[in-house]
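K.L.:
Generate a structure from the sequence data that follows.
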Amino acid sequence: MTKKNLFQSLNCLSILIMLGLSLISPLTLAQSAPNYPNKINFYIPFVVQNGSKQPTTQISGSNFGFNTNVTENDQIRYGWDNVAIDLTYKTYPQAGGGWIKIYLENENPDSAILETGNSPISIKSIAPKLKEGRNKIILVFVDSSNDPAKSQSKASLTFNFQSATPPPTINLTEPAENSLLMAQFDRKFRLELGNFGLTSEPSKELDRGILKVFLNDIKTKPLAIIKKSTELDANKHIVEFGSKEFDPEINIPDSRTSRLIFVLAKSDGTNLESQTSKQMITNYSNTLKDLGLAEISFGEPKADRLDLTTDGERKFIININNFEILSQLSTGNNEDKKGYLQIFIDDTPIKTIWNKKEFTLNELEYTDKVSSKKQVKVQLVNKDFTKLVPDVSANLDIIYKPTINVDPNQKLDKNQVQKGWSLLNVNWSLIVGGLIAALIIGGIIALVVKG
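P.N.:
Residues are numbered from 1 along each chain as shown. As a prediction, the model looks like this:
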């Protein structure tokens with residue numbers, strides 16, 4: 001092959017290679033470069049955890065997901081092309097520049113949670129708005145028109161958020177299941193909160209917020225919003241309030257199966273997943289009958305008896321309905337229609353736990369040296385010694401007559417008694433005679449001295 005032919009062959013080969021590259025290169029570049037369906041190539045490639053970039057997964061288009069739990073110490077990194085992004089463009093709009101608006105779950109105006117121009121985005125900056133578990137944030141590019149851009153200029157990230165502190169817990173300890181709620185009684189409620197406290201001030205802290213009380217459905221207006229709790233320690237708060245705090249404008253229908261739902265919420269009103277509930281009997285209009293309420297009364301002695309004179313041996317019999325009296329101290333939460341029988345005399349507790357439906361004053365180890373009017377009171381209480389609602393008690397007025405106990409070994413027969421009285425009479429005679437003699441002698445001495 002001549003040099004001329006070799007040169008022509010090399011030229012042809014070069015042309016063919018260049019032609020091949022011209023056909024292959026666009027396809028190769030298109031496959032290797034990011035290609036997202038928005039005008040600025042907006043995408044979310046990484047989540048930074050412990051200083052290391054962890055890749056996201058492209059779900060579809062500009063929608064991304066991240067499988068590892070995200071904490072407030074992590075960061076979200078986003079990328080883009082062709083424009084400048086900085087929050088200053090919000091105040092000073094310019095063509096070719098813009099800023100980022102972040103929404104939670106959807107793009108409704110009230111779902112906006114942050115405005116930024118910085119990448120990466122700190123999870124800590126949006127953590128107060130996130131819920132424990134799955135969240136979806138939408139990053140929207142806002143251009144020089146200062147209006148949120150259309151769908152071609154946004155990207156989303158779905159991830160599981162795990163707060164740095166343990167999730168809040170809520171436990172209703174008072175009242176018991178199926179307790180009665182009525183307009184004329186202020187039913188007391190007591191809840192224990194873990195890793196959460198109530199506040200009346202706006203707060204971005206994850207462990208501070210409010211308590212909402214709903215009737216049957218959390219989508220309705222709350223019966224009450226409670227903003228005060230008492231801190232027992234760093235992780236435990238106690239909440240106490242009464243049914244008198246329920247919104248008086250909310251109608252509470254009478255029902256044997258009403259359910260109160262207690263929901264923890266952020267201070268801005270956003271409900272958290274931590275909630276509890278209990279079934280209650282509501283009888284605000286007094287249309288429910290035969291509610292099976294606990295009852296107590298005196299069976300013996302009857303209050304209408306003419307003679308209510310009572311000594312230590314007289315037996316009292318108690319009638320109790322719809323209530324189980326416990327024989328000893330019991331721990332745990334209160335239970336419906338279960339607790340203790342207590343006995344008082346003149347409002348002084350004599351027995352705080354009595355497990356029988358009968359007693360005598362001697363059994364109660366009660367005594368008084370004076371015969372007088374007394375009031376005996378029996379009362380049913382919960383396991384924590386709080387009164388039932390409504391109060392369940394009964395009173396009985398008696399005339400107490402002390403029991404005179406005589407030792408059988410010291411009993412005297414009739415003759416001994418008569419002899420005793422005779423000796424006593426003789427002794428008194430001697431004493432009186434002595435006094436009279438002393439007076440006479442004293443008088444004589446006085447006359448002699450005077451004379």
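K.L.:
which residues touch Phe159?
P.N.:
By CB atoms under 8 Å, 6 or more residues apart in numbering, the residues touching Phe159 are Val47, Gly65, Phe66, Asn69, Val70, Arg134, Asn135. The way it works is simple: take the backbone N, C-alpha and C, and place the C-beta from them, glycine included.
K.L.:
Can you spell out which residues form a bridge with it?
P.N.:
Asn135 (DSSP bridges).
K.L.:
Please enumerate the helices of the chain.
P.N.:
Remark: helices assigned in the chain by DSSP state H are 3-32, 88-91, 414-450.
K.L.:
Of all pairs in the contacts of Phe159, which one is the farthest apart?
P.N.:
Val47 and Arg134 (14.9 Å; CB to CB).
K.L.:
surely Ser371 meets Thr403?
P.N.:
No: in this structure Ser371 lies outside contact range of Thr403 using CB atoms under 8 Å: 10.7 Å.
K.L.:
Where does the prediction get shaky in the stretch 351-451 of the chain?
P.N.:
404-435, 437-438, 442-451 (pLDDT under 70).
K.L.:
do the same with the chain
P.N.:
For the chain, the ranges with pLDDT under 70 are 1-37, 146-152, 404-435, 437-438, 442-451.
K.L.:
Mind jotting down where the strands sit in the stretch 301-450 of the chain?
P.N.:
Ranges of strands in the stretch 301-450 of the chain, per DSSP state E, counting those that start in this stretch, are 309-310, 315-321, 324-325, 338-345, 348-354, 358-360, 372-381, 393-400.
K.L.:
Pick the most buried one from these.
P.N.:
Of all the strands of the stretch 301-450 of the chain, strand 338-345 carries the top mean neighbour count, a mean of 20, counting by mean count of other CB atoms under 10 Å.
K.L.:
That strand vs strand 315-321, what angle?
P.N.:
Between strand 338-345 and strand 315-321, the angle formed by their directions is 150 degrees, by axes from the mean of the first three to the mean of the last three CA atoms, to 10 degrees.
K.L.:
which residues are contacting strand 338-345?
P.N.:
296, 318, 320, 323-326, 349-355, 357, 359, 364, 366, 374-383, 385, 388.
K.L.:
And stretch 217-229, by the same measure?
P.N.:
For stretch 217-229, the external contacting residues (CB under 8 Å, 6+ apart) are 193, 197-200, 210-215, 237-239, 241, 245-247, 250, 252, 260-261, 263, 271, 275.
K.L.:
Please flag which of those residues sit within strands.
P.N.:
193, 197-198, 210-215, 237-239, 241, 260-261, 263, 271, 275 (DSSP state E).
K.L.:
From those, list the buried ones, please.
P.N.:
193, 197-198, 210-215, 237, 239, 241, 260-261, 263, 271, 275 (16 or more other CB atoms under 10 Å).
K.L.:
Ile350 and Glu363 touch, don't they?
P.N.:
No: using CB under 8 Å, Ile350 makes no contact with Glu363, being 10.3 Å away.
K.L.:
Report the contact partners of Phe42.
P.N.:
With CB under 8 Å, 6+ apart, Phe42 has these contacts: Tyr36, Ser62, Tyr78, Gly79, Trp80, Leu139, Phe141, Ser153, Lys154, Ala155.
K.L.:
Give me the phi and psi for it.
P.N.:
phi -80, psi 130 (degrees, to the nearest 10).
K.L.:
Adding distance to Ser122 as columns, could you present the strands of the stretch 301-450 of the chain in a markdown table?
P.N.:
Shown next, in a markdown table, are these (distance: least, CB to CB, whole Å):
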| stretch | distance to Ser122 |
| --- | --- |
| strand 309-310 | 78 |
| strand 315-321 | 63 |
| strand 324-325 | 57 |
| strand 338-345 | 53 |
| strand 348-354 | 58 |
| strand 358-360 | 70 |
| strand 372-381 | 54 |
| strand 393-400 | 61 |
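K.L.:
So which of those is nearest Thr173?
P.N.:
strand 338-345 (14.5 Å).
K.L.:
send the alpha carbons of the closest one over as CSV?
P.N.:
Output in CSV follows, covering the C-alpha atoms of strand 338-345 (Å, rounded to 0.1, in the frame of the first residue of the first chain):
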residue,chain,number,x,y,z
LYS,A,338,-64.9,-1.6,93.3
GLY,A,339,-63.2,-0.1,96.3
TYR,A,340,-63.4,0.2,100.1
LEU,A,341,-66.0,0.7,102.8
GLN,A,342,-65.1,3.3,105.4
ILE,A,343,-66.7,4.1,108.7
PHE,A,344,-66.7,7.5,110.5
ILE,A,345,-68.0,8.7,113.8
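K.L.:
So what's the gap between that strand and the chain middle?
P.N.:
Relative to the chain's own centre, strand 338-345 is displaced by 28 Å; criterion: CA atoms, centre = their mean, to the nearest Å.
K.L.:
Repeat that for stretch 225-239.
P.N.:
On CA atoms, centre = their mean, the centre of stretch 225-239 falls 8 Å from that of its chain.
K.L.:
Over to stretch 126-143?
P.N.:
29 Å.
K.L.:
got it, and stretch 60-73?
P.N.:
33 Å.
K.L.:
Same question for stretch 268-275.
P.N.:
13 Å.
K.L.:
Please export the C-alpha coordinates of it as PDB.
P.N.:
Below are the C-alpha coordinates for stretch 268-275, written out as PDB (Å, rounded to 0.1, in the frame of the first residue of the first chain):
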ATOM      1  CA  ASP A 268     -50.000  25.100  67.400                       C
ATOM      2  CA  GLY A 269     -52.800  22.500  67.700                       C
ATOM      3  CA  THR A 270     -51.400  19.800  65.400                       C
ATOM      4  CA  ASN A 271     -52.500  16.400  66.800                       C
ATOM      5  CA  LEU A 272     -49.800  13.900  67.600                       C
ATOM      6  CA  GLU A 273     -50.200  10.100  67.400                       C
ATOM      7  CA  SER A 274     -50.200   9.700  71.200                       C
ATOM      8  CA  GLN A 275     -53.700   9.300  72.500                       C
END
